[in-house]
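Undergrad: Only the shape, not the letters, is given here:
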């Protein structure tokens, strides 16, 4: 868990041109990191096998989650799976549902919804690959898969699966080109 947290915080330090050892300081500079830290804590607690202690920590998690939601307007379910290096650029109206899976180094902007939808066998949550850029206001809805290195434009509504390296935009989202997100995702190469 701590390695993931350092990678998450380092995604902010790297953007400021700071060395990796400054990553813990990002908690004081970026309120979006509060939601990420609470998510990591909640995910860790939900996967813990010690029932009595787990319940105690779930209460703490629930309180922290509600406080963080009030101050940041970011809601990330602890049942979501998110890889290392998540970057949330701005506060506000971000919802990531419980069954969603997101790969490493996603770049998420304000107004994003990643949520479940559908009926019967078509019900499900999005699976998002590595190095995906989600522009402001984008919506990923239902049982879809978004490939690696994908750029989703501002206000795009994605209801169909997207292949690797695609750039999409519009309502409903359509493939614009295959330039991907390479120029938009920032991370420190180890």
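TA: That came through, no problem. Owing to the predicted nature of the structure, the values given are computational and were not obtained by experimental measurement.
Undergrad: What segments of this protein are helices?
TA: Assigned by DSSP state H, the helices in the chain fall at 2-15, 26-29, 32-46, 51-72.
Undergrad: would you turn those into a markdown table with distance to residue 135 and mean pLDDT?
TA: (Each C-beta comes from the backbone N, C-alpha and C, glycine too.) Converted to a markdown table, the helices of the chain look like this (distance: least, Cβ to Cβ, whole Å; pLDDT from 0 to 100):
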| stretch | distance to residue 135 | mean pLDDT |
| --- | --- | --- |
| helix 2-15 | 17 | 91 |
| helix 26-29 | 22 | 93 |
| helix 32-46 | 16 | 93 |
| helix 51-72 | 19 | 91 |
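Undergrad: Tell me which of those lies nearest to residue 130.
TA: helix 2-15 (12.8 Å; Cβ to Cβ).
Undergrad: helices and strands around that closest one, which ones?
TA: helix 26-29, helix 32-46, strand 87-88 (3 or more Cβ pairs under 8 Å, 6 or more residues apart in numbering; DSSP states H and E).
Undergrad: what's the longest one in contact with?
TA: Residues external to helix 32-46 that are found in contact with it (Cβ atoms under 8 Å, 6 or more residues apart in numbering): 1, 4-5, 8-9, 12, 26-27, 54, 57-58, 61, 64-65, 68-69, 71-72, 74-76, 78-82, 86, 88-91, 94.
Undergrad: next one: stretch 15-31
TA: Outside stretch 15-31, the residues that reach it (Cβ under 8 Å, 6+ apart) are 6, 9-10, 12-14, 33-34, 37, 71-72, 87, 91, 186, 188.
Undergrad: Now for those residues: which two are most distant?
TA: Applying Cβ to Cβ across the contacts of stretch 15-31, the maximum distance is between 71 and 188, 27.6 Å.
Undergrad: Comparing the two, which residue is more hemmed in?
TA: residue 188 (15 against 12; other Cβ atoms under 10 Å).
Undergrad: Torsion angles phi and psi at the more buried one?
TA: In terms of degrees, to the nearest 10, the main-chain angles of residue 188 are phi -80, psi 120.
Undergrad: separation between the closest residue to it other than its chain neighbours and residue 22?
TA: Closest residue to residue 188 apart from its sequence neighbours, by Cβ to Cβ, 6 or more residues apart in numbering: residue 14 at 4.5 Å. Distance, residue 14 to residue 22, using Cβ to Cβ, to the nearest Å: 10 Å.
Undergrad: of those two, who's got more company?
TA: Between residue 14 and residue 22, counting by other Cβ under 10 Å, residue 14 is the more crowded of the two (20 against 15).
Undergrad: Tell me the pLDDT of residue 190.
TA: According to the prediction, residue 190 has pLDDT 65.
Undergrad: For residue 48, which non-adjacent residue is closest in space?
TA: Residue 48 sits nearest to residue 54 (Cβ to Cβ, 6+ apart), 4.7 Å away.
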